[in-house]
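A.B. asks: just need the structure, nothing else, for what follows:
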Amino acid sequence: MNNKNSSEKHSDLRLGLSGLATAPIGYLVLLFLPVYLEVVGINLSLTEQQIGWLASTDSVGLALATFIFSIFIKKVNFRQVLVIGVIITVLGNLLSALVNDFILLCIVRSLTGLGEGMIVAVGISAIGMTKNPNRWFGFYTAAIVMVQAIGLVLVPIIYEQFSLLGVFIAMAFFYALPLGVVKLLPSKSDDYKLSIDAEDLVLKQPSKLLNLGLLSLLFFYISIGGVWTYMSLMGTSGGLTLSFVSQALATAMIAGLFGALFFAYIGHHGKNIGLLFISLLLMALPLWGLGDGLTGTRYLIALCVFSFFWSIAGARLFAVISDVDRSGKYISSAQTVVGFGYIIGPICASTLVKGNGYTEVITMGTILLGLCFVSILPLARFKVNTVI
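C.D. replies: Numbers count the residues shown, from 1 in each chain. Coordinates of the predicted model:
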């Protein structure tokens, strides 16, 4: 019995660590989207509408790749998918460094997103295979925030020293890092079936509730995609410097890291529905402080509160789905949903900034966070105790 428990813990650790080292890297561009878009916009002289469209390009490929992965999850070799994904993203970023045309860059970024999606799908599926996904998604969110903070600090510095060419080359380097953990990944999803108890295999999956959970995740990331795209521009248009904005965004990621670690620390207590409601509410409220008369202090506080509760809410939404999904199908599909959210959000937001500032973007984000909570409630309340 002790040997069995030790083996399970070792397997769980391998799955968790391999997921933490892959999925956050796959989301690299989306994580430091505000400063990435700002430097690309400056370099190519893009309009705010073009920035909104560019923000969605990587997500197109990401959503497509994760969707295909979710269909063939039982047939593909996770390790091979990761290697192919890394090759695509590295080549895509090196090619992006040579492109100066907006349309061509959008096409290249969409294709690069295919590789990003492969990396994300493999990593998230590995985390979903762990025995305690609620805690591991807390650690995952912490890893996301750490990568995000590093990117938000480094992108402006690299841009100032080496221009946009240096930014894309640096991104290519970071996308190659997951190769270091390829052997820790499970080869196929059959490893997932062996890692869960036999009694779990006969649990009835509430497909309608799980689909509602995916819809909730879509609302959440449309909101994030729309607001996050213009977060940097909200600061600079309010009179703050790009240097201060990038530092404020990076500082806010520290708050986000504390939020993720807090969620991982409380473990099963994080399943409280009230915590999710408060987190979504306190994501929405600070956004309304980013309007007229913006000061550096108010901008920093709003970002920190937003980021802290984003980490908690994001981790819990994934964990709600993973807690009930015993096939791996829905948690893998969740990445497709995230991709679509990052496509739809920036495009919708780009249509709302025409001569109206960012108030309508914030309104859209707030409404969607409310819809997110309403949609996740049925699945969050579901008790996994019904058998076929």
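A.B. asks: which residues of the chain fall in strands?
C.D. replies: For the chain, strands defined by DSSP state E do not occur.
A.B. asks: point out where it drops to low pLDDT.
C.D. replies: For the chain, applying pLDDT under 70 flags the ranges 1-10, 134, 188-204, 326-328, 354-356, 383-388.
A.B. asks: quickly note the distance from the residue nearest in space to the middle of it to residue 132.
C.D. replies: Geometric centre of the chain, nearest residue: residue 27, 5.8 Å, by CA atoms, centre = their mean. Distance, residue 27 to residue 132, by CB to CB, to the nearest Å: 22 Å. All C-beta atoms are positioned from the backbone trio N, CA, C, and that covers glycine.
A.B. asks: so residue 126 sits against residue 78, correct?
C.D. replies: Yes. With contact defined as CB atoms under 8 Å, residue 126 counts as touching residue 78 (7.3 Å).
A.B. asks: anything in contact with each of those two?
C.D. replies: Here residue 126 and residue 78 have 185, 186 as joint contacts, going by CB atoms under 8 Å, 6 or more residues apart in numbering.
A.B. asks: could you pick out the longest helix of this structure?
C.D. replies: helix 133-175 (DSSP state H).
A.B. asks: circling back: quick one: residues contacting the residue nearest to the residue nearest to the centre of the chain when sequence neighbours are not counted.
C.D. replies: With CB to CB, 6 or more residues apart in numbering as the criterion, residue 27 has its nearest non-adjacent residue at 6.1 Å, and that residue is residue 120. Residues in contact with residue 120 (CB under 8 Å, 6+ apart) are 22, 23, 26, 27, 62, 65, 66, 335, 338.
A.B. asks: tell me how far residue 120 lies from residue 19.
C.D. replies: 10 Å.
A.B. asks: looking at residue 126 and residue 78, which is more packed in?
C.D. replies: residue 126 (30 against 24; other CB atoms under 10 Å).
A.B. asks: mind listing what the closest residue to the more buried one other than its chain neighbours touches?
C.D. replies: On the basis of CB to CB, 6+ apart, the spatially nearest residue to residue 126 that is not a chain neighbour turns out to be residue 19, at 3.8 Å. Shown in contact with residue 19 (CB under 8 Å, 6+ apart): 123, 124, 125, 126, 127, 130, 136, 140.
A.B. asks: out of those residues, which are inside helices?
C.D. replies: 123, 124, 125, 126, 127, 136, 140.
A.B. asks: need the residues you listed in a markdown table with distance to residue 214, can you?
C.D. replies: Formatted as a markdown table, the ones in helices among the contacts of residue 19 follow (distance: CB to CB, whole Å):
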| residue | distance to residue 214 |
| --- | --- |
| 123 | 18 |
| 124 | 13 |
| 125 | 15 |
| 126 | 19 |
| 127 | 17 |
| 136 | 20 |
| 140 | 18 |
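A.B. asks: and of these, the nearest to residue 322?
C.D. replies: residue 127 (7.8 Å; CB to CB).
A.B. asks: that closest one touches residue 138, doesn't it?
C.D. replies: No. The pair residue 127 / residue 138 is not scored as a contact, 10.5 Å apart, by CB under 8 Å.
A.B. asks: could you dump the contacts of residue 120 to TSV with distance to residue 329?
C.D. replies: Formatted as TSV, the contacts of residue 120 follow (distance: CB to CB, whole Å):
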residue	distance to residue 329
22	19
23	17
26	19
27	21
62	18
65	16
66	12
335	12
338	15
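A.B. asks: for residue 139, see how far away residue 255 is.
C.D. replies: Per CB to CB, residue 255 is found 17 Å from residue 139.
A.B. asks: check residue 296 too.
C.D. replies: 32 Å.
A.B. asks: who's more crowded, those two?
C.D. replies: residue 139 (20 against 16).
A.B. asks: so what's that one closest to, chain neighbours aside?
C.D. replies: Nearest non-adjacent residue to residue 139, counting by CB to CB, 6+ apart: residue 264, 5.2 Å away.
A.B. asks: for residue 46, phi and psi?
C.D. replies: Recorded main-chain torsions at residue 46 are phi -90, psi 150, according to degrees, to the nearest 10.
A.B. asks: is it in contact with residue 52, as I believe?
C.D. replies: No. Using CB under 8 Å as the test, residue 46 is too far from residue 52 to be in contact (9.5 Å).
A.B. asks: compare these two (neighbour count), which wins?
C.D. replies: Of the pair residue 46 and residue 52, residue 52 is the one with more neighbours under other CB under 10 Å, namely 25 against 18.
A.B. asks: tell me who's in contact with the more buried one.
C.D. replies: Here residue 52 is in contact with 229, 230, 346, 347, 349, 350, 351, 353 (CB under 8 Å, 6+ apart).
A.B. asks: so what's the residue count around the fifth one?
C.D. replies: Number of residues near residue 349 (other CB under 10 Å) recorded here: 29.
A.B. asks: how close does it get to residue 141?
C.D. replies: For residue 349, the distance to residue 141 - CB to CB - is 23 Å.
A.B. asks: with the last one instead?
C.D. replies: Distance of residue 353 to residue 141, given as CB to CB: 29 Å.
A.B. asks: so for those two, which sits in the more crowded spot?
C.D. replies: Neighbours were counted for residue 353 and for residue 141 using other CB under 10 Å; residue 141 has more, 27 against 23.
A.B. asks: residue 228 versus the more buried one, what's the distance?
C.D. replies: For residue 141, the distance to residue 228 - CB to CB - is 15 Å.
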